[in-house]
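In: can't give you the sequence, but here's the structure:
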């Protein structure tokens, strides 16, 4: 599998991991230090502001599944690009924002994205985020890795008081909605973002009998396999079980004056449908899905689309 790297600085590296972690095509994210000349610096050295290093994250990703341009879009929406003194509550050169490009293609894309942001007039102040050549990257200490997972309470306490979320809510949330509206059809947006429901027998996949997998139309995360799809007679795509259970989140739904179990995707947070207890053996469950929330990938396209590891599901015995 072909992989590439992207290196970004956006203030506290704890906060820069979760936004990229949920993107389909991102393989690994490491918190660390980049931009300075000090070899193998410690957190204490970097936080003193004397090493020239910035708190950074290095992302390993599959370019066949996610583009560098998309990573740039996500990066800009996590930071205050007008702050020359740091990021939010953290001040000092070590908390400045920057894009470290690994090749000329990344440099051109980064410069273009910065200019587009400047020309948009979104911010009254100048965009000061630097675009710099990548020199080196040193992973931070183990306790800094996946801090949002391993020290959840401390992370939530810090983030809630840092000012980052308020800034994002004020300046970027509407952009996310507009981007989705441009990316999705009217029905896809209605279903995934507004908990809508398609008409039975009048949707794309209810009668699809091809072999392949179904992924979230928003995030691309893997949800179901044609191996577990069956004709429930309801007119909606029905599955016996998820292909990747960790990507399907259950929530209580009392919207129709009755208790139901809603299904949402973990990373995309898309409304998928509901699960019922009238399915076939052995699970006895019926995962009732809206086609508009799914994207079907035929088995012959799995490798090309970056889902090659699922090819084995469809090998003839």
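Out: Structure received. Please read all numbers here as calculations on a predicted model, not as lab measurements.

In: I'd guessed residue 45 sits against residue 39; true?
Out: No - with contact defined as C-beta atoms under 8 Å, residue 45 does not reach residue 39; the gap is 10.7 Å. No exception for glycine: its C-beta is placed from N, CA and C like everyone else's.

In: residues near residue 250, how many?
Out: Here the number of neighbours of residue 250 (other C-beta atoms under 10 Å) works out to 11.

In: Looks to me like it is in a strand.
Out: Yes - with DSSP: H, G, I helix; E, B strand; the rest coil as the criterion, residue 250 is assigned to a strand.

In: any idea how far it is from residue 257?
Out: Distance of residue 250 to residue 257, given as C-beta to C-beta, to the nearest Å: 20 Å.

In: what's around the nearest residue to residue 278 once chain neighbours are set aside, how many residues?
Out: Of all residues beyond its chain neighbours, the one nearest residue 278 is residue 286 (5.6 Å), with distances taken as C-beta to C-beta, 6 or more residues apart in numbering. Each residue near residue 286 was counted by other C-beta under 10 Å, and the total is 21.

In: ok, now which ones touch residue 286?
Out: 232, 234, 238, 239, 240, 275, 276, 277, 278, 279, 280 (C-beta atoms under 8 Å, 6 or more residues apart in numbering).

In: ditto for residue 69
Out: Contacts of residue 69 by C-beta under 8 Å, 6+ apart are 109, 113.

In: any idea whether it is helix, strand or coil?
Out: Secondary structure, three-state DSSP: residue 69 is helix.

In: cool, and residue 20?
Out: Per three-state DSSP, residue 20 ends up helix.

In: So for it, what pLDDT did the model give?
Out: Note on residue 20: pLDDT of 93.

In: Check the contact between it and residue 31; I expect there is one.
Out: No - contact between residue 20 and residue 31 fails when scored by C-beta under 8 Å: they sit 11.2 Å apart.

In: hey, what's in contact with both of the two?
Out: With C-beta under 8 Å, 6+ apart as the test, residue 20 and residue 31 both reach residue 57.

In: Provide a list of residues in contact with the spatially closest residue to residue 54 that is not a sequence neighbour.
Out: Among residues not flanking residue 54 along the chain, residue 9 sits closest, at 3.9 Å (C-beta to C-beta, 6+ apart). Residue 9 sits next to 34, 35, 54, 55, 56, 57, 96, 97, 98, 99, 100 when contact means C-beta under 8 Å, 6+ apart.

In: Number of residues surrounding the second one?
Out: The number of residues packed around residue 35, counting by other C-beta under 10 Å, is 25.

In: Any chance of the backbone angles for the spatially closest residue to it that is not a sequence neighbour?
Out: Residue nearest to residue 35 in three dimensions, not counting chain neighbours: residue 54, with 4.6 Å by C-beta to C-beta, 6+ apart. Torsion angles at residue 54 (phi, psi; degrees, to the nearest 10) stand at phi -110, psi 140.

In: next one: the one 5 residues further on
Out: In this entry, residue 59 is assigned phi and psi values of phi -110, psi 130 (degrees, to the nearest 10).

In: Name whatever forms a beta bridge with it.
Out: Per DSSP bridges, the residues bridged to residue 59 are residue 6, residue 29.

In: what pLDDT does it get?
Out: Looking at residue 59, its pLDDT is 98.

In: and it, how far is that from residue 13?
Out: Distance from residue 59 to residue 13, by C-beta to C-beta: 12 Å.

In: would you list every one of the strands in the stretch 151-300 of the chain?
Out: Secondary structure of the stretch 151-300 of the chain (DSSP state E, counting those that start in this stretch): strands at 212-216, 222-225, 229-230, 237-239, 248-253, 260-265, 271-276, 286-289, 294-298.

In: Kindly reformat the ones you listed as CSV containing mean pLDDT and distance to residue 167.
Out: Shown next, in CSV, are the strands of the stretch 151-300 of the chain (pLDDT from 0 to 100; distance: least, C-beta to C-beta, whole Å):
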stretch, mean pLDDT, distance to residue 167
strand 212-216, 96, 27
strand 222-225, 96, 33
strand 229-230, 96, 43
strand 237-239, 97, 39
strand 248-253, 92, 27
strand 260-265, 94, 26
strand 271-276, 96, 27
strand 286-289, 97, 36
strand 294-298, 96, 32
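
In: Tell me which of these approaches residue 174 most closely.
Out: Evaluated over the strands of the stretch 151-300 of the chain, closeness to residue 174 peaks at strand 271-276, with 20.0 Å, by C-beta to C-beta.

In: Who are the packing partners of that closest one?
Out: Judged by 3 or more C-beta pairs under 8 Å, 6 or more residues apart in numbering; DSSP states H and E, strand 271-276 is in contact with helix 186-194, strand 248-253, strand 260-265, strand 286-289.

In: just those: most buried one?
Out: Among these, strand 286-289 has the highest mean neighbour count (mean count of other C-beta atoms under 10 Å), at a mean of 24.
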